[in-house]
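Colleague: test case, fold it:
(2 chains)
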Amino acid sequence: MPEVNDPRRGRVNSLQVVARATAGLWHGFMMVLWHLGRRPITEQYPEYKRSLPERTRARIILTRDPDGEERCVACFLCSGVCPVSCISMAAGEREDGRRFAPWFRINFARCIYCGLCEEACPTLAIQLTPFYEFCEPDILTMVAEKKDLLVDHGGKNHDYNFYRFAGVAMVGDKGAHVDEAAPVDLKSNLP
Amino acid sequence: MSAWTLGIVLLLIKLLVVLVVLLLLAAYLIYVERRLLGFMQLRLGPNRAGPQGLLQPIADAVKLLTKEDFIPAGADRVIFLYAPALVAGTALLIFAVIPFARGWTFRGQEIPGVVSDLNVGLLFILALSSIGVYGVALGGWASNSKFALLGAIRGAAQMISYELALGLALVPVVMLARSFSLVDIVQAQARLPFIILQPLAFMIFFISAVAEMKRIPFDIPEAENELVAGYHTEYSGMRFGLYFLGEYVTMVTLGAMLAAFFLGGWRGPLLPPLLWFFIKVFIVVFALIWIRATLPRLRYDRLMEFGWKILIPVALLNIIITGGVMLALRR
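Modeller: Now for the predicted structure:
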């Protein structure tokens, strides 16, 4: 195709240029008219709800371990990593020495559903679920307390129990813990 | 009741009907445009308020009326407050000279199908449409905002590039009809609409008028991607609504103007004149929406180049040729 304003090519037939431009415009207009007759591809939300992937990040829950205990150990990692500071809690200790959160609060009006808290959590306690339909007319009712957040299942990983791996005093000998390798005899490990 | 009082009453009723119909048309034009544009882009458009979204214009009006009327700090208050009225007012006034029907007779009283048969109707239209641009320029200037000011400057720059072509395109129409009155111009198209005799003038007028309405592809003063919203960036509430209303009333009046100047006005076979008038207006409006869905925005130096280097010379040439042919035919 000759360039319209290219001096090397000499004079371009301007009628040809006009014809080509007209054909281009005509094509565009016809394309729009053709689309007018097509079905809109809109999915209308309240009537049609798209099924979301399992790992969609929306409302946050606090899960329990397989024994039914709260997983949260009030380590403040989620609160610290949260970019909008929407998570707050207090730390407490039970009589058996296990840490827990006496209160735990998430301000969903601030939460941006980034999922960093879930990544930071060492005990898989805090998790994001695909449930997203919880808007409220009053912004203050968007603050969720621990009782609103706590569920009675393990979320994405039902079998994981933090206290089987760490966080408790050693019972028994070295190498007796779950998934722990037997201790190495230093004296037989010489080169 | 004397004939004189009856005449006054009938005139007032006609004025009221024309005004209400015009405003309703403009309001529903917004709905039609959003729906059609949606369908052209494979979307649905507004369909929630009422059946098929038919109450959307009313919801919009309520929203605009109840919103805060904000005046920015440092704005030129008086000009800022009155500029939107200039746009909407001139747009409404243009319709006064456009014939929309043959006219009726009620108890021996003539009711012409036009609000006012001005003998300089065409000049009246051109004058008012030029004054309408002041609403844009002044509104943008008075806002004390750089985006609004840029929009206003572009509006003024745009005006000087299409205004001449707009006027020159109508000269052959006046030559053929031998009158400035729109009623006479429609009368002159009894046999043949002027679009057949003057396709070139029709094209020039249509392009210039789209530029005048600041619609895509000539929505350079608004240019939402570059200038936020151009000259009405700082406006809110019903003052913004007035700009919007003015724009859509202008769409209706442009349809009516094109119908009167080139498409034979209310004339047409079989159907009643008023219906023909509305059909022609709707065809023009549909074309405008279609153009909006298809074309991108022009750069404003391109528009000026197009206006000065192509539209004006072609319009002048068209006048000379029309004059020559008319002279030759008279002999």
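
Colleague: residues touching residue 65, list them.
Modeller: Looking at chain A here, since you left the chain open. A:71, A:123, A:154, A:160, A:161, A:162, A:163 (Cβ atoms under 8 Å, 6 or more residues apart in numbering or on different chains). Where you see a C-beta, it was placed from the backbone N, CA and C, and this is true even at glycine.

Colleague: could you do chain B instead?
Modeller: By Cβ under 8 Å, 6+ apart, residue B:65 lies in contact with B:237, B:238, B:241.

Colleague: in helices, which of those residues fall?
Modeller: Among these, the ones falling in helices (DSSP state H) are B:237, B:238, B:241.

Colleague: quick check: the last one touching residue B:57?
Modeller: No - here residue B:241 does not reach residue B:57: they are 11.0 Å apart, not a contact under Cβ atoms under 8 Å.

Colleague: who has more neighbours out of those two?
Modeller: For residue B:241 versus residue B:57, neighbours defined as other Cβ atoms under 10 Å in any protein chain shown are more numerous around residue B:57 (22 against 19).

Colleague: nearest to chain A: which residue in the stretch 101-250 of chain B?
Modeller: Per Cβ to the nearest Cβ, residue B:217 is where the stretch 101-250 of chain B lies closest to chain A, at 10.7 Å.

Colleague: can you count the residues close to that residue?
Modeller: If you count neighbours by other Cβ under 10 Å, residue B:217 ends up with 17.

Colleague: and if you look at residue A:25?
Modeller: By other Cβ under 10 Å, 12 other residues sit near residue A:25.

Colleague: in chain B, what residue spans correspond to helices?
Modeller: Going by DSSP H, chain B shows helices at B:3-40, B:56-66, B:77-94, B:121-142, B:146-177, B:182-188, B:194-197, B:199-212, B:224-227, B:237-261, B:273-294, B:300-305, B:312-330.

Colleague: now the fifth one: mean pLDDT?
Modeller: In this case it means helix B:146-177. Mean pLDDT, helix B:146-177: 86.

Colleague: so what does that helix touch, helix or strand wise?
Modeller: Helices and strands touching helix B:146-177, by 3 or more Cβ pairs under 8 Å, 6 or more residues apart in numbering or on different chains; DSSP states H and E, are helix B:121-142, helix B:182-188, helix B:194-197, helix B:199-212, helix B:224-227, helix B:300-305, helix B:312-330.

Colleague: looking at the contacts of residue A:65, which is nearest chain B?
Modeller: Distances from chain B to the contacts of residue A:65, taken by Cβ to the nearest Cβ, are shortest for residue A:154, at 40.7 Å.

Colleague: quick check: longest helix of chain A.
Modeller: Max-length helix for chain A by DSSP H is helix A:14-36.

Colleague: would you mark the buried spots in stretch B:293-301?
Modeller: Buried residues in stretch B:293-301, counting neighbours by 16 or more other Cβ atoms under 10 Å in any protein chain shown, are found at B:293, B:294, B:295, B:297, B:298, B:300.

Colleague: run the chain-centre distance for it.
Modeller: Centre-to-centre, stretch B:293-301 and its host chain are 19 Å apart (Cα atoms, centre = their mean, to the nearest Å).

Colleague: and it, end to end?
Modeller: End-to-end distance of stretch B:293-301 (Cα to Cα, to the nearest Å): 22 Å.

Colleague: enumerate the residues of chain A near chain B.
Modeller: Proximity of chain A to chain B, by Cβ under 8 Å from any Cβ of the partner chain, involves residues A:25, A:28-29, A:31-33, A:35-36, A:38-42, A:44.

Colleague: most neighbours out of those, which is it?
Modeller: residue A:32 (18 neighbours).

Colleague: so that one touches residue B:290, yeah?
Modeller: Yes - Residue A:32 is within contact range of residue B:290, at 6.3 Å (criterion: Cβ under 8 Å).

Colleague: which neighbours do the two have in common?
Modeller: Common neighbours of residue A:32 and residue B:290 (Cβ under 8 Å, 6+ apart) are residue B:40.

Colleague: possible to save the buried residues of stretch B:293-301 as a markdown table with distance to chain A and pLDDT?
Modeller: Output for the buried residues of stretch B:293-301, formatted as a markdown table (distance: Cβ to the nearest Cβ, whole Å; pLDDT from 0 to 100):
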| residue | distance to chain A | pLDDT |
| --- | --- | --- |
| B:293 | 5 | 88 |
| B:294 | 5 | 89 |
| B:295 | 7 | 87 |
| B:297 | 14 | 85 |
| B:298 | 13 | 82 |
| B:300 | 20 | 79 |
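
Colleague: make a markdown table from those residues and add distance to residue B:99 to it.
Modeller: Output for these, formatted as a markdown table (distance: Cβ to Cβ, whole Å):
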| residue | distance to residue B:99 |
| --- | --- |
| B:293 | 31 |
| B:294 | 31 |
| B:295 | 31 |
| B:297 | 34 |
| B:298 | 33 |
| B:300 | 35 |
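
Colleague: if we can go back for a sec, okay, among the contacts of residue A:65, which ones form the most distant pair?
Modeller: With Cβ to Cβ as the measure, no two of the contacts of residue A:65 lie farther apart than A:154 and A:163, at 13.7 Å.

Colleague: if you count what's nearby, which of these two comes out ahead?
Modeller: A count of neighbours by other Cβ under 10 Å puts residue A:154 above the other of residue A:154 and residue A:163, at 19 against 14.

Colleague: check which helix or strand covers that one.
Modeller: When elements are defined using DSSP states H and E, residue A:154 is found to belong to no helix and no strand.

Colleague: isn't it right next to residue A:61, touching?
Modeller: No - contact between residue A:154 and residue A:61 fails when scored by Cβ under 8 Å: they sit 10.5 Å apart.

Colleague: need the helices for chain A, in chain order.
Modeller: Using DSSP H, the helices of chain A run over A:14-36, A:77-81, A:116-120, A:146-149.

Colleague: closest one to residue B:148 among those?
Modeller: helix A:14-36 (31.4 Å).

Colleague: domain-wise, how is chain A divided?
Modeller: Per automatic domain parsing, the domain ranges recorded for chain A read A:7-36, A:60-164.

Colleague: just name the most buried of those domains.
Modeller: Most buried of the domains of chain A, by mean neighbour count (mean count of other Cβ atoms under 10 Å in any protein chain shown): domain A:60-164, with a mean of 16.

Colleague: next one: that one to chain centre, how far?
Modeller: 13 Å.

Colleague: for the closest residue to the residue of the stretch 101-250 of chain B closest to chain A other than its chain neighbours, give me its contacts.
Modeller: Sequence neighbours aside, residue B:295 is the residue nearest to residue B:217 in space, at 4.1 Å (criterion: Cβ to Cβ, 6 or more residues apart in numbering or on different chains). Counting by Cβ under 8 Å, 6+ apart, residue B:295 touches A:25, A:28, B:216, B:217.
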